[in-house]
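Visitor: sharing a model that was predicted from the sequence below.
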Amino acid sequence: MDINFNKNEDHNRLLASDLRRRLAKIKLGGGESRIKKHHEKGKLTARERIDYLLDEDANSIEIGAFAGEGMYAEHGGCPSGGVVVKIGYVQGKQCIVVANDATVKAGAWFPITGKKNLRAQEIAIENKLPIIYLVDSAGVYLPMQDEIFPDKEHFGRIFRNNAVMSSMGITQIAAVMGSCVAGGAYLPIMSDEALIVDKTGSIFLAGSYLVKAAIGESIDNETLGGATTHCEISGVTDYKAKDDKAALDTIKNIVDKIGDYDKAGYNRKESKAPAKEESDIFGILPKARHEQYDMLEIIERLVDNSEFEEYKAGYGQTIITGYARIDGWAVGIVANQRKIVKTKKGEMQFGGVIYSDSADKATRFIANCNQKKIPLVFLQDVTGFMVGSKSEHGGIIKDGAKMVNAVSNSVVPKFTIVIGNSYGAGNYAMCGKAYDPRLIAAWPSAELAVMSGNSAAKVLLQIETAALKKKGEEITKEKEEELFSKIKSRYDEQISPYYAAARIWTDGVINPLDTRKWISMGIEAADHSPIEKPFNLGVIQV
């Protein structure tokens, strides 16, 4: 191994270590003291509930672990968005589980909580995946009610989705394991089956204090909406459980009886590990985002037996396309090549930039995968489309539009891994979040933004210095350097993969060595939902 490999490896392993540290902190939710109080009530935490429910030693992936990170500081923060979402297996059946974390503001809904819940339901709807809700929430976080209550993609959309999923035949099971109040009370009751834990679970549109204030009736919460009331008087819930584990055992028994699903029929064979060492990824991926490397070296460490059948290898070389298997699943890979390449005409093309020929190749390949019913995997490390008179005169906008059109209209499931840069329109063409990937995850090395921090800082510096000069201020070299540093620092924070994950622009930041698991479980989920419409590019400029 050369010295650069060792330097890269040290850097990327430190990023992976930082990821583990951040995740460990997030998993504490509202903190150890609140977890202790939760246990004193005889309740399991959200993560303990999910761990007990999911099959032991089976794979699982967490969606939106970093949701809310660095946000709402003035409100005490909202670790993981106050809700834990995992895709895993219950009695051997793949499900998505959504559990309110009552150690975070009593499980109250912040704006990001709503967004994360809607993302979980979106995954269930797209993949026709059974969804299990473990409810323990005080309802909308009132100081921010205007940002969570009334809009199309706010709190109320949850119940609309409950109804839509029911009409689609998607299994929904809800267990009320704590508070379930006001509008939130509709969620479990709009599910197929509802459970409630005795003495700790409660469901009501208004609690005892509000009832007293509104109509003058004096009643305690247990009598108003406890397990006995709803299982024996109102009939709102279907099962009464003595404690959390009993409720989760009942869910396991219900899921165990669910029939098999109609399969989309994606091709799968026996899984084989990559022939080349997966951990070499840490040494191959450069420390600096502008440095070149061969994306084929990364691909060979992600695919089964390191076998990759490249499509149009000699044409449009700044995008790599080809067929492979990941954990046995057949996939079509579209990846940005990050090394400088030389065309047959003797021209040099920059790695990570999309040229007309590479956009044209990608469009054709995406169409082929749709024709063959092969899921698509996008590996992003893209700085954008090529600019300049030669590219413009050659129709780069037209060719880029064709690629975006193909990505938009693709009917096979798409999965996106942001490995490095994800800048500008390159993010769109390579299936960014706006283009409905079934799952999108970023490595710790990723950067998502309109442009790089260095380029953006230079542009913003010009604007700011011009404004200051208009005011009569003298801009010395030292002042200019200070301004540049301040602007770049602010921008660098925004291009961090954690900044994106906090806002659910991606489903998470993952260790590169977990990439195969994410894609495999994603395709398995997608296999629950047969393709219902043909691939059609619509009108494009030929």
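Guide: Great, that's in hand.

Visitor: isn't L54 right next to V90, touching?
Guide: Yes: L54 is in contact with V90 according to CB atoms under 8 Å; the separation is 6.3 Å. In short, each C-beta sits where N, CA and C put it, glycine included.

Visitor: quick check: phi and psi at V84.
Guide: phi -110, psi 130 (degrees, to the nearest 10).

Visitor: residue contacts, the closest residue to S271 other than its chain neighbours?
Guide: Nearest residue to S271, sequence neighbours excluded (CB to CB, 6 or more residues apart in numbering): G328, at 3.9 Å. If a contact means CB atoms under 8 Å, 6 or more residues apart in numbering, then G328 has 268-272, 304, 520 as its contacts.

Visitor: E309 versus G328, what's the distance?
Guide: For G328, the distance to E309 (CB to CB, to the nearest Å) stands at 16 Å.

Visitor: what do you get for L15?
Guide: 31 Å.

Visitor: of those two, who's got more company?
Guide: Higher neighbour count among L15 and E309: L15, with 19 against 12, using other CB atoms under 10 Å.

Visitor: follow-up on the earlier one: overlap in contacts of L54 and V90?
Guide: With CB under 8 Å, 6+ apart as the test, L54 and V90 both reach V97.

Visitor: hmm, back to that, any idea how far the residue nearest to S271 is from I61?
Guide: G328 is 17 Å from I61, by CB to CB.

Visitor: how about V418, secondary structure?
Guide: Classification of V418 using DSSP: H, G, I helix; E, B strand; the rest coil returns strand.

Visitor: burial measure for the closest residue to D244 other than its chain neighbours, as a count.
Guide: Closest residue to D244 apart from its sequence neighbours, by CB to CB, 6+ apart: L44 at 4.5 Å. Close neighbours of L44, defined as other CB under 10 Å, add up to 22.

Visitor: secondary structure element for L44?
Guide: Under DSSP states H and E, no helix or strand contains L44.

Visitor: contacts for the host helix or strand of D360 next, please.
Guide: For D360, the element it lies in under DSSP H and E is helix 356-372. Under the contact criterion CB under 8 Å, 6+ apart, helix 356-372 has outside partners 311-312, 315-319, 321, 332, 334, 343, 354, 375-376, 385-386, 391, 394-396, 399-400, 402-403, 405-407, 410-412, 429, 535, 537.

Visitor: now with 7 Å?
Guide: Under the criterion CB atoms under 7 Å, 6 or more residues apart in numbering, residues 311-312, 315-319, 321, 332, 334, 376, 391, 394-396, 399-400, 402-403, 406-407, 410-412, 429, 535 lie in contact with helix 356-372.

Visitor: ok, I523 touching P375?
Guide: Yes: with contact defined as CB atoms under 7 Å, I523 reaches P375; the gap is 5.2 Å.

Visitor: settle it for me: which of these two has more neighbours?
Guide: Remark: of I523 and P375, I523 carries more neighbours, 27 against 24, as counted by other CB under 10 Å.

Visitor: confidence score at the more buried one?
Guide: Looking at I523, its pLDDT stands at 98.

Visitor: for E524, see how far away the residue lying closest to it once chain neighbours are set aside is.
Guide: In this structure, I523 finds its nearest non-sequential neighbour in W329, 4.6 Å apart by CB to CB, 6+ apart. Distance of W329 to E524, computed by CB to CB: 8 Å.

Visitor: compare neighbour counts for the two and give me the winner.
Guide: W329 (24 against 19).

Visitor: next, give phi and psi for the more buried one.
Guide: According to degrees, to the nearest 10, W329 has phi -80, psi 130.

Visitor: same thing with V85?
Guide: phi -130, psi 130.

Visitor: residues in contact with it?
Guide: Here V85 is in contact with 62-64, 96, 98, 116, 120 (CB under 7 Å, 6+ apart).

Visitor: what does G453 give?
Guide: Counted by CB under 7 Å, 6+ apart, G453 has contacts 488, 491-492, 495.

Visitor: and G29, by the same measure?
Guide: G29 touches 35, 45, 79-80, 101, 103-104, counting by CB under 7 Å, 6+ apart.

Visitor: buried stuff in whichever strand or helix holds R160?
Guide: Assigned by DSSP H and E, R160 belongs to helix 157-168. Of all the residues in helix 157-168, those buried under the rule 16 or more other CB atoms under 10 Å are 157-159, 161-162, 165.

Visitor: please name every helix or strand in contact with that helix.
Guide: helix 111-127, strand 172-181, helix 186-189 (3 or more CB pairs under 7 Å, 6 or more residues apart in numbering; DSSP states H and E).

Visitor: among the ones you listed, which is nearest L296?
Guide: Ranking the helices and strands packed on helix 157-168 by proximity to L296 (CB to CB) places helix 111-127 first, at 30.4 Å.
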